[in-house]
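Undergrad: coords please:
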Amino acid sequence: MPAAEERAPEASRSRSIVREIFAFATKEPVLSVLVVALVALQYLHPRPWASLLSLIDWQTVLTLAGLLILTKAVELSGFLMWMAHRVVHRIHSERGLAYLMVGLAAALSTLLTNDVALFVVVPLALSLHKLTPLPLKRLVIFIALAVNAGSILTPLGNPQNLFLWQTSGVSFGGFVWALAPLCAALMVVLYLVTAIFFRRKPLDLSKDVEPHAVDRPLVGVAAVLFVAFVLLADAHRAAIGLAGVGLGFLLWRRQIVLKIDWLLLLIFVFMFIVLRSVAALPWVHEITGRLGIGSPLRAYAAGAILSQGISNVPAAIMLAEFTKDWRALAFGVSVGGFGIAIGSLANLIAVRLSNERGMWLQFHLFSIPFWIIGGVIGATLLLHL
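TA: Residues are numbered from 1 along each chain as shown. I've put the predicted structure just below:
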């Protein structure tokens, strides 16, 4: 009996550990898949564990870490929500509100990343929906399309742009100039579609009188550091910028550093290791060589299509091993953010934040046609500019 009694707590602890692992895997499926893939790769094609660190693009990881700290500071300052609520009071129709939300989401995504833009604009839409009836599902879907389109413009807009900017060696201004035509064209299409699917129904937002406090010292410091950090990252001195930003906020506002998405950084580290390991496999090289993605149009098509299966960030990291045409690849993975929801993690975040039933079907009714239209536009611009 004592032995049986001793085994019972052990079995209970084992079940508890299994439940915790399952719960984590369900909550963080991307990281879980990457970890399993790394273990499988090391089993099938083992290489020294220490050598895996050389596969990581540390410049990109350090730049992302700095941007996460700075955007978290801006978010916690309350300035973005204060500004958003001030602006919406100038809107008097459902279509006008949709125009504003699309523009606001796109503009914020160019500097604060598409994820941060969503965490500002989607909650704003939810709070306004409590004040007056809105076509919430459709509005959230268009916000998601907007952050994917707007974030194309700058290296700071999304993780794949950040990676391609750092690895290409092109200047910040050069990157913006190269991607501006695609961003502009997709935003024009998005506004045309917005005009079709939102009515001129009058809105009454007079009940939105709740005050929104702003931490002015925090937003001021964050703005100055943001400019300084981007300049350092542009000069490939992200490590110096991160050291200054990280230590400064740890001493002044410690909670900002503690609250950033550390798991996102870990996911990026695993992405580099796993995808570059996969790209180095002989049979992957052989298949990719037959596809001939060295040409701009094929690199573009590969990015747009592969993103539908593994998302645009992993697609950019993997395909960068086979083509040096960063512009064609940036065009491809940017368009790849539309289509199936997994094409961009921003899509999944938007759907999750909305907490609305029936979002998946309606999302794809808009996003897949937009992917097709965007694909045609991207290929045309790539060939003629």
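Undergrad: List the buried residues of the longest helix seen in the chain.
TA: Longest helix of the chain, by residue count under DSSP state H: helix 94-131. The neighbour-count criterion (16 or more other C-beta atoms under 10 Å) identifies 94-122, 124-126, 128-129, 131 as the buried residues of helix 94-131. Using the backbone N, CA and C atoms, a C-beta is placed for each residue, glycine as well.
Undergrad: try stretch 348-358
TA: In stretch 348-358, counting by 16+ other C-beta under 10 Å, buried: L348, I349, A350, V351, L353, S354.
Undergrad: Show me the contact partners of it.
TA: The contact list for stretch 348-358, computed with C-beta atoms under 8 Å, 6 or more residues apart in numbering, reads 115, 118-119, 122-123, 126, 136-137, 140-141, 143-144, 147, 341-342, 359-360, 363.
Undergrad: what is the mean pLDDT for that stretch?
TA: Averaged across stretch 348-358, the pLDDT comes to 78.
Undergrad: And for stretch 304-323?
TA: 88.
Undergrad: what do you get for stretch 186-193?
TA: 97.
Undergrad: Put the alpha carbons of that stretch into PDB.
TA: The C-alpha coordinates for stretch 186-193 follow below in PDB (Å, rounded to 0.1, in the frame of the first residue of the first chain):
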ATOM      1  CA  LEU A 186      -2.800  48.400 -52.200                       C
ATOM      2  CA  MET A 187      -4.000  51.300 -50.000                       C
ATOM      3  CA  VAL A 188      -5.900  52.800 -53.000                       C
ATOM      4  CA  VAL A 189      -7.600  49.500 -53.600                       C
ATOM      5  CA  LEU A 190      -8.400  49.100 -49.900                       C
ATOM      6  CA  TYR A 191     -10.100  52.500 -49.800                       C
ATOM      7  CA  LEU A 192     -12.100  51.700 -53.000                       C
ATOM      8  CA  VAL A 193     -13.300  48.500 -51.400                       C
END
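Undergrad: Which residues are in contact with the nearest residue to G66 once chain neighbours are set aside?
TA: In this structure, G66 finds its nearest non-sequential neighbour in L242, 4.4 Å apart by C-beta to C-beta, 6 or more residues apart in numbering. With contact set as C-beta under 8 Å, 6+ apart, L242 has these partners: L62, T63, A65, G66, I69, F229.
Undergrad: From Q59, how far out is L242?
TA: As judged by C-beta to C-beta, to the nearest Å, L242 and Q59 stand 11 Å apart.
Undergrad: likewise T167?
TA: 8 Å.
Undergrad: now do A146
TA: From A146 to Q59 the distance is 29 Å (C-beta to C-beta).
Undergrad: before we move on, what about T323?
TA: In terms of C-beta to C-beta, T323 sits 19 Å off from Q59.
Undergrad: do G173 as well
TA: 18 Å.
Undergrad: which one of the two has more residues nearby?
TA: Shown here are G173 and Q59; by other C-beta atoms under 10 Å, Q59 has more neighbours (18 against 10).
Undergrad: That one: which element?
TA: helix 58-77 (DSSP states H and E).
Undergrad: That helix: how far from the chain's middle?
TA: Distance of helix 58-77 from the chain centroid (C-alpha atoms, centre = their mean, to the nearest Å) equals 13 Å.
Undergrad: Next: stretch 332-348.
TA: That offset, for stretch 332-348, works out to 9 Å (C-alpha atoms, centre = their mean).
Undergrad: and it, which residues are buried?
TA: 332-341, 343-348.
Undergrad: now, which of the residues you listed sits nearest A213?
TA: Checking the buried residues of stretch 332-348 against A213 with C-beta to C-beta, the nearest one is A346 at 27.8 Å.
Undergrad: And the closest one, how close does it get to A117?
TA: 8 Å.
Undergrad: Now do the shared contacts for these two.
TA: V147, S151.
Undergrad: So, low pLDDT: which residues of the protein?
TA: 1-27, 205-209, 285, 289 (pLDDT under 70).
Undergrad: so where do the helices sit in the stretch 251-385 of the chain?
TA: Assigned by DSSP state H, counting those that start in this stretch, the helices in the stretch 251-385 of the chain fall at 254-258, 262-279, 282-291, 296-310, 312-319, 326-335, 345-354, 359-384.
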